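Asker: have a look at this prediction, sequence included:
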Number of protein chains: 2
Amino acid sequence: MMTKMIGFTGGTLDRGDALRHDAIGLAAAKADPRARLLVLDGYTPAYDGDRLAWTALPQDGSELALLGLDRDGVPHFATITGERAKGRSFDLIAALHDLAPGEAATYAGARSLLDWHARHGFCANCGSATAPFRAGWGRACSACGTEHFPRVDPVVIMIAEHDGRALLGRQPAFPPGRYSALAGFLEPGESVEEAVAREIGEEAGIAVTDVRYVASQPWPFPSSLMIACTARALDDRITLDTNELEDAIWVSRDEVRAVLAGEKGPFRAPPAYAIAHTLLSVWADATSAKP
Amino acid sequence: MMTKMIGFTGGTLDRGDALRHDAIGLAAAKADPRARLLVLDGYTPAYDGDRLAWTALPQDGSELALLGLDRDGVPHFATITGERAKGRSFDLIAALHDLAPGEAATYAGARSLLDWHARHGFCANCGSATAPFRAGWGRACSACGTEHFPRVDPVVIMIAEHDGRALLGRQPAFPPGRYSALAGFLEPGESVEEAVAREIGEEAGIAVTDVRYVASQPWPFPSSLMIACTARALDDRITLDTNELEDAIWVSRDEVRAVLAGEKGPFRAPPAYAIAHTLLSVWADATSAKP
């Protein structure tokens, strides 16, 4: 069903789950002279042509996270520094997407994992300091024994359709002219379908039905899972939640196709690496939902 | 596409997001003489016929979480006690599913939220104590100012199909004879589709393609989002990860249909409130995937 490129997907490293539970194997991987370390200046990667740049492993006892193994079994690591990621940089993201396929995915996974470590140095259960375990895929508390694992926050992002038109919204922080799919965090106790309906109701005052999954994407700012859907709106009267959106509009398939083709239209499209772009593209290529 | 009942979905309360940001409105909701409090003994609900039991709001300054508003605008709350949820009880879950539609969903959301509070009394960023805010939908640290929000952990759960048969696995903790869909936590830096492929590869040594979303379900033990998918297996030779599974088998549509109909078969089905049951049922009703 989905054949379009989706940003931050297509990583080529095998995550090497078994090594996370194998102290001897992990030590051997760290001692492997082929082992590679992701080069980062803070959270900014270095490049080697159209690939991420890697270097030899440090021999200074730095805490390392195992990112995975390449096709030749070469282990790839990143350093857990405790340093926090700064906000997303659109320049950085655009640069990543000029790299070879899968490179942005490798960076995204590393960025989310390292930033999680930086924001979770203490035990939420008892307040004591925690330390990495499982090759950097968890942190354990030596005081109360609680094990913590990297957080992934599911976010629903969706287009409601009414009479052949799609509902798009504009957040105040967007660049001028940009509109995108509505989105929001999924909460405890709800399904994807329920979260989609709730968010469209909250942000635009519109009831929907027929929620359909389209695609998903990791979004490393800091650690979201974007779940893209379409839904059928029961009417087109918008009641805007002005705390979330400064505007919302209905756009036709022809208008979306034109904008995605780079022509002038009633809005500027989200960038290609965002799943909102994929979602708009899939929606524009589809025939209208049955009423 | 999905018309089958899915466990823990269908809650009827409006979550009242606007009230979480409206101190005056929230105070008025708490003072509303119609306001209701979920009756819990630890995490065990009380029942009023085929509904959850509710009582009047305590006037003792207890920390309350706003569960939502019913169709008449009556606010519904639960008490944040700091008490931890004990393990899941299959008796409890089965009892919930004999209730009126949506009641299990209301309980599931409350349970995940209250248990999150109990496990997150301290700031992961600095180790200081945190306190609830946003009507119980977050905790804030007064020392470093970090805001924390309830965690939802996405889990992929999936059936790989090969030559008209589905791959099912058995965990050592399952009741005798039970087999179910394989499952695992989605990790930072991967899409739903990538997590499905990775987990089937890790647990059964099988490569898959054509991952398709089927349905989703909140699973409040403690706070998972189950994302159910199918995939097409490239071969049927199983290499079992015995740390995860004690057995894996291929079953035909006829066998699955018979088992779901209560007839004898090569395995015992997962319970009706688990999305694995929904997934098996959807798969058994479908025609085979194209090779």
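Answerer: Thanks, I have the structure now. Numbers count the residues shown, from 1 in each chain, chains lettered A, B, ... in the order given.
Asker: which parts of the stretch 1-150 of chain A are strands?
Answerer: A:36-38, A:40-41, A:44-45, A:47-48, A:51-52, A:54-56, A:64-69, A:75-79, A:130-133, A:138-141, A:147-148 (DSSP state E, counting those that start in this stretch).
Asker: that's a strand at A:Arg198, yeah?
Answerer: No. Secondary structure assignment (DSSP: H, G, I helix; E, B strand; the rest coil) places A:Arg198 in helix, not in a strand.
Asker: tally of neighbours for it?
Answerer: A:Arg198: 19 surrounding residues under other Cβ atoms under 10 Å in any protein chain shown. All C-beta atoms are positioned from the backbone trio N, CA, C, and that covers glycine.
Asker: what does A:Arg178 give?
Answerer: So A:Arg178, with other Cβ under 10 Å, has 16 neighbours.
Asker: let's have the strands of the stretch 1-150 of chain A in a markdown table, adding distance to B:Ile159, mean neighbour count and mean pLDDT.
Answerer: Output for those, formatted as a markdown table (distance: least, Cβ to Cβ, whole Å; neighbours: other Cβ atoms under 10 Å in any protein chain shown; pLDDT from 0 to 100):
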| stretch | distance to B:Ile159 | mean neighbour count | mean pLDDT |
| --- | --- | --- | --- |
| strand A:36-38 | 35 | 20 | 98 |
| strand A:40-41 | 39 | 13 | 93 |
| strand A:44-45 | 37 | 19 | 94 |
| strand A:47-48 | 40 | 13 | 95 |
| strand A:51-52 | 35 | 18 | 96 |
| strand A:54-56 | 37 | 13 | 98 |
| strand A:64-69 | 26 | 22 | 98 |
| strand A:75-79 | 31 | 24 | 98 |
| strand A:130-133 | 32 | 17 | 98 |
| strand A:138-141 | 28 | 19 | 98 |
| strand A:147-148 | 29 | 16 | 98 |
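Asker: can you check the pLDDT for A:Ala94?
Answerer: As predicted, A:Ala94 sits at a pLDDT of 82.
Asker: and chain A, what are its domain boundaries?
Answerer: A:17-148, A:153-285 (automatic domain parsing).
Asker: got TSV for the strands of the stretch 1-150 of chain A, with distance to chain B too?
Answerer: Formatted as TSV, the strands of the stretch 1-150 of chain A follow (distance: least, Cβ to the nearest Cβ, whole Å):
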stretch	distance to chain B
strand A:36-38	12
strand A:40-41	15
strand A:44-45	14
strand A:47-48	19
strand A:51-52	13
strand A:54-56	17
strand A:64-69	9
strand A:75-79	11
strand A:130-133	8
strand A:138-141	9
strand A:147-148	8
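Asker: could I get these as TSV with distance to B:Cys229?
Answerer: Listed next are these as TSV, based on distance: least, Cβ to Cβ, whole Å:
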stretch	distance to B:Cys229
strand A:36-38	30
strand A:40-41	33
strand A:44-45	31
strand A:47-48	34
strand A:51-52	29
strand A:54-56	33
strand A:64-69	22
strand A:75-79	27
strand A:130-133	30
strand A:138-141	25
strand A:147-148	27
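Asker: returning to what we had before: could you dump the domains of chain A into JSON lines with distance to A:Gly11 added?
Answerer: Formatted as JSON lines, those follow (distance: least, Cβ to Cβ, whole Å):
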{"stretch": "domain A:17-148", "distance to A:Gly11": "3"}
{"stretch": "domain A:153-285", "distance to A:Gly11": "9"}
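Asker: which regions of chain A sit below the pLDDT cut-off?
Answerer: By pLDDT under 70, the low-scoring segments of chain A are A:1-4, A:288-291.
Asker: in it, which helix is the longest?
Answerer: helix A:103-119 (DSSP state H).
Asker: so which of the strands of the stretch 1-150 of chain A is nearest A:Leu114?
Answerer: strand A:75-79 (6.0 Å; Cβ to Cβ).
Asker: any idea how far the closest one is from the middle of the chain?
Answerer: With Cα atoms, centre = their mean, to the nearest Å as the basis, strand A:75-79 stands 20 Å off its chain's centre.
Asker: convert that strand to CSV, retaining C-alpha atoms only.
Answerer: What follows is strand A:75-79, C-alpha atoms only, in CSV (Å, rounded to 0.1, in the frame of the first residue of the first chain):
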residue,chain,number,x,y,z
PRO,A,75,29.2,-3.0,15.5
HIS,A,76,28.2,0.7,15.5
PHE,A,77,28.0,2.7,18.7
ALA,A,78,27.2,6.3,20.0
THR,A,79,28.5,7.9,23.1
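Asker: assign a three-state SS to A:Glu161, would you?
Answerer: Criterion first, three-state DSSP; result for A:Glu161: strand.
Asker: so it bridges to which residues?
Answerer: Under the criterion DSSP bridges, A:Glu161 forms beta bridges with A:Ala166, A:Arg232.
Asker: can you give me the neighbour number for A:Gln59?
Answerer: 7.
Asker: any idea how far B:Leu168 is from it?
Answerer: Distance, A:Gln59 to B:Leu168, using Cβ to Cβ, to the nearest Å: 47 Å.
Asker: and the stretch 151-291 of chain A, which of its residues are near chain B?
Answerer: Contacts of the stretch 151-291 of chain A with chain B, taken as Cβ under 8 Å from any Cβ of the partner chain, map to A:151-154, A:185-194, A:198, A:202, A:212-213, A:215-218, A:220, A:223, A:225, A:227, A:241, A:243.
Asker: any of the residues you listed buried? List them.
Answerer: A:151-154, A:186-194, A:198, A:202, A:212-213, A:215-218, A:220, A:223, A:225, A:227, A:241 (16 or more other Cβ atoms under 10 Å in any protein chain shown).
Asker: ok, A:Thr230 - contacts?
Answerer: Listed by Cβ atoms under 8 Å, 6 or more residues apart in numbering or on different chains, the contact partners of A:Thr230 are A:Met158, A:Ile159, A:Ala160, A:Glu161, A:Val211, A:Arg212, A:Val214, A:Leu279, A:Trp283, A:Ala289.
Asker: ok, now A:Pro266?
Answerer: A:Ile249, A:Val251, A:Glu255, A:Val259.
Asker: so the first one versus A:Pro266, what's the distance?
Answerer: Looking back up the chat, that one is A:Ile249. 7 Å.
Asker: and for the third one?
Answerer: Here A:Glu255 is placed at a distance of 6 Å from A:Pro266 (Cβ to Cβ).
Asker: that older thread, among the contacts of A:Thr230, which ones are in helices?
Answerer: A:Leu279, A:Trp283.
Asker: how about JSON lines for the contacts of A:Thr230, with distance to A:Ser180 added?
Answerer: Listed next are the contacts of A:Thr230 as JSON lines, based on distance: Cβ to Cβ, whole Å:
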{"residue": "A:Met158", "distance to A:Ser180": "11"}
{"residue": "A:Ile159", "distance to A:Ser180": "10"}
{"residue": "A:Ala160", "distance to A:Ser180": "13"}
{"residue": "A:Glu161", "distance to A:Ser180": "15"}
{"residue": "A:Val211", "distance to A:Ser180": "18"}
{"residue": "A:Arg212", "distance to A:Ser180": "19"}
{"residue": "A:Val214", "distance to A:Ser180": "14"}
{"residue": "A:Leu279", "distance to A:Ser180": "9"}
{"residue": "A:Trp283", "distance to A:Ser180": "12"}
{"residue": "A:Ala289", "distance to A:Ser180": "20"}
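Asker: out of the contacts of A:Thr230, the closest to A:Asp14 would be?
Answerer: Looking across the contacts of A:Thr230 and measuring by Cβ to Cβ, the closest to A:Asp14 is A:Val214, at 27.2 Å.
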